[in-house]
Each structure stands twice: as C-alpha cells, then as structure tokens.
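S.K.: Kindly generate the corresponding structure for this input.
(one chain, ligands or ions: 2)
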Amino acid sequence: MAMRQPIESGVPDNKPFLHPTLAKNYGNWKYHDRPRPGVLHHVSHSGDEVWSVRAGTQRQMDVYTIRKLCDIADTYAEGHVRFTIRSNIEFMVSDPNKVAPLIEALQSNGFPVGGTGNSVSMIAHTQGWLHCDIPGTDASGAVKALMDDLYEEFIREEMPNRVHLSTSCCEINCGGQADIAIIVQHTKPPKINHDLVANVCERPAVVARCPVAAIRPALVNGKPSLEVDEKKCICCGACYPPCPPMQINDPEHSKLAIWVGGKNSNARGKPTFMKMVASGLPNNPPRWPEVSAVVKKILYTYKADARSWERLSDWVERIGWPRFFEKCDLPFTKYLIDDWRGSRANLNASTHIRF
Ligand code: SF4
Ligand code: SF4
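M.R.: Ligands and ions are numbered 1, 2, ... in the order given. Next up, the predicted model:
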C-alpha cells in the first residue's frame, strides 16, 4: 500500500520569494549597519551588498494600497518586498543609487520611512473589529491615533533603545510582550442571555474554559443554561468566545489598561513579562485620547530618564517601581495588585517570597 503523504500546513517556504541577493547569501552575512533611519545595509561574505528600506503601513490594507506598494516595488525597487512582525514593509535594492528615489516615492505616497534601530517601531496590533469575533475595542484604531502622535519617533532613532509597542483588543489571546502595551480590561462579569445559551453554546466546553471554575450548568426558566459565580469571576473574557450569549463587552465597563516592561530578547537582561501600570482607562474611540496621553507620558519619561541602551524594563529595574510611578505621574492603586488566588505562582517566581 502506498504511504500516505503528510498534509503539510503552516508557514510556506519563503525562499522562492526572497530578493535574489538575499537568497544567494542566506545565512552568509558578514555585518550590517544603518546608513540612516529606516535603511538597513547588509554586506555578505561574498562581497554582495543589499539595502532594505523600511516603511510603516497600517497593516490592514485595502487592495488599492497593496497595489500602490507593489507598483513602488516594481518601479523604484527590484520587485521584492517583505513584511516585518510589526507590519512594516521592507523593499530590498542591490544598488545604493536606488535608495534615495525609493524613499522619496514612499514618503510622497504617505508611507513614513523609519522604524529601525532605537526608534518607536510600528505598533504590533491584533485584528480588532475587522476580522475577529471577540474584540472589546478596535486595536487598529488605537494604533492609528497613537502613531499619528508618535510619527516623529518612528522616523528618527532618538530613543535610548528600541521601543516596541502593542495593542490587544481582548485580554486573553493575541498581543504578546511589549515595552508598552495597551490591552482591553473587562471590569464586570459577563451578562448571560439565557434564552440563547441552549441553542448556541456547548455548555461543558464553556464550563471547562473558565480558569477559576466560576461557571456552572444551571436550569433557568426550564431551559438548560449556565450561571456565573460572580465572586470568583476574574472578568477574563475566556467564556465569551465559545459562548457569545455570555456577553462581557460593555460600553461602560470594558476599559483599557496599560502594561509596561515586557521584552522577548535576552540581550543585556533576561526576557521579561509586562506589568500593569494604569487601569480603567476609558475605551474612547475614535482617538482614545486618555490612552494616548498615558502612553506618551511613559514613553517620554523613559526617553528623558533612561541611560543609553536601557530597554524600558531595564530602566524600571534600575530606578525601581515606586520611582517609575512617581516619574510618570501615575497613581498606584489597588487595581494594579495581582490579588488573584492563582497569583501565588507568580509571587513564587521571586526568590524573596516563598509560601
Ligand atoms: S486580541 Fe483577542 S479580540 Fe483581538 S484579534 Fe486577538 S483574539 Fe481577537
Ligand atoms: S469571564 Fe473568565 S473568570 Fe469570568 S466566568 Fe468567564 S471565563 Fe470565568
């Protein structure tokens, strides 16, 4: 019998799509430098050189914008592009004389060139209302409002170290660690539409979803439904995706929180998790001014106070959290304390507290 072939899934091989100079010198680079913000220059052991010009995009793009970027790639670059994880687009050229006209073409079409080195790169953001079924806010809207204000920091490299920002439109799924993150924060337990639960939800799956075992099966008005022990509920929002009638999004009680100090790299210090430093900010589209104000206050305090090459987490580590709150004019409230009973595992991550 013929062997069954495995079904391949996952990320397709990118090699056929690489710029020929990148494909030829894959894994064989000697060094790279940055001739100016937004431009990376790679030199290979074979002597080949390539310049990558990085521009910011809005991530969720209409077909006309994509065509415009492709036309720029064909006319001013060498027909190849790639996207970074922060939604920046990069155009590769093997001739230094093509760099300046390419930058001019990008800027005149409204794409800022920057995001390299010690800049504020594009904000990594999640899908928001456009694609996902559980967001409590529009991540891309908050990104647009904030990046309008941080444009100068994108095109310059004037931060102490690179700054990665992110937004997440629910509390539990995509997003990841960032120097400063904007994350939805539900503050009330879900409201249950009992008439719909039996039709829509697989109740055991919903009960199993809850991290604090706050959901129980219940019979309401003679129909199978669910109930929530609100004293236990930590308002995480995990029950809403498998059971939309357990509505947790609320125009008043779904807020935004700011977290700081996360990083994935282990350069200079170990990778770190973010910590919440501002809670209960209004979810206020279309410009989210309260959120932008707090992010900018933290960002510019870091810029003024950190030493060269300190990431935001290194800076906080050096000055200490009490000074961080003082310098950033942020109130330290009880809402920032991790009082979930499962938090003993977090506290045990330190050598100072053992129980
Ligand atoms: S962060 Fe949550 S709501 Fe936003 S796209 Fe990801 S899963 Fe959906
Ligand atoms: S919001 Fe989270 S903690 Fe509350 S009932 Fe739903 S899953 Fe449980």
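S.K.: what about the helices in the protein?
M.R.: With helices called from DSSP state H, the chain shows them at 20-24, 63-76, 99-108, 139-149, 151-155, 194-200, 203-209, 289-305, 312-319, 321-327, 344-347.
S.K.: Give the other helices and strands that the second one contacts.
M.R.: It refers to helix 63-76. The elements that helix 63-76 packs onto, with contact taken as 3 or more CB pairs under 8 Å, 6 or more residues apart in numbering; DSSP states H and E, are strand 81-83, strand 88-93, helix 99-108. Glycine gets a C-beta too; all of them are placed from N, C-alpha and C.
S.K.: what sits up against the last one?
M.R.: Looking back up the chat, that one is helix 99-108. Identification of contacts with helix 99-108 by CB atoms under 8 Å, 6 or more residues apart in numbering yields 35, 38-39, 51, 53, 55, 72, 75-77, 91, 93, 112-113.
S.K.: Can I have the buried ones of the residues you listed as a PyMOL selection?
M.R.: Selection of buried members from the contacts of helix 99-108 for PyMOL, criterion 16 or more other CB atoms under 10 Å:
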select buried, resi 38+39+51+53+55+72+76+77+91+93+112+113
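S.K.: and the contacts of helix 99-108 as TSV, adding distance to ligand 1?
M.R.: Formatted as TSV, these follow (distance: CB to the nearest ligand atom, whole Å):
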residue	distance to ligand 1
P35	36
G38	28
V39	32
W51	34
V53	29
A55	24
I72	29
T75	34
Y76	33
A77	31
F91	28
V93	34
P112	25
V113	28
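S.K.: what's the most distant pair in the contacts of helix 99-108?
M.R.: P35 and T75 (21.8 Å; CB to CB).
S.K.: Flag every residue of the stretch 51-200 of the chain that's near ligand 1.
M.R.: Residues of the stretch 51-200 of the chain lying near ligand 1 by CB under 6 Å from any ligand atom: 126-127, 132, 134-135, 139, 168-170, 173-175.
S.K.: which of those residues tops the neighbour count?
M.R.: A139 (30 neighbours; other CB atoms under 10 Å).
S.K.: Report the contact partners of that one.
M.R.: 125-128, 167-169.
S.K.: so what's the residue nearest to L69 when sequence neighbours are not counted up against?
M.R.: Excluding the flanking residues, the one nearest L69 by CB to CB, 6 or more residues apart in numbering is I89, at 6.1 Å. Contacts for I89 (CB under 8 Å, 6+ apart) come out as 54-55, 57, 69, 81-83, 111.
S.K.: what does the model give I89 for pLDDT?
M.R.: pLDDT for I89: 97.
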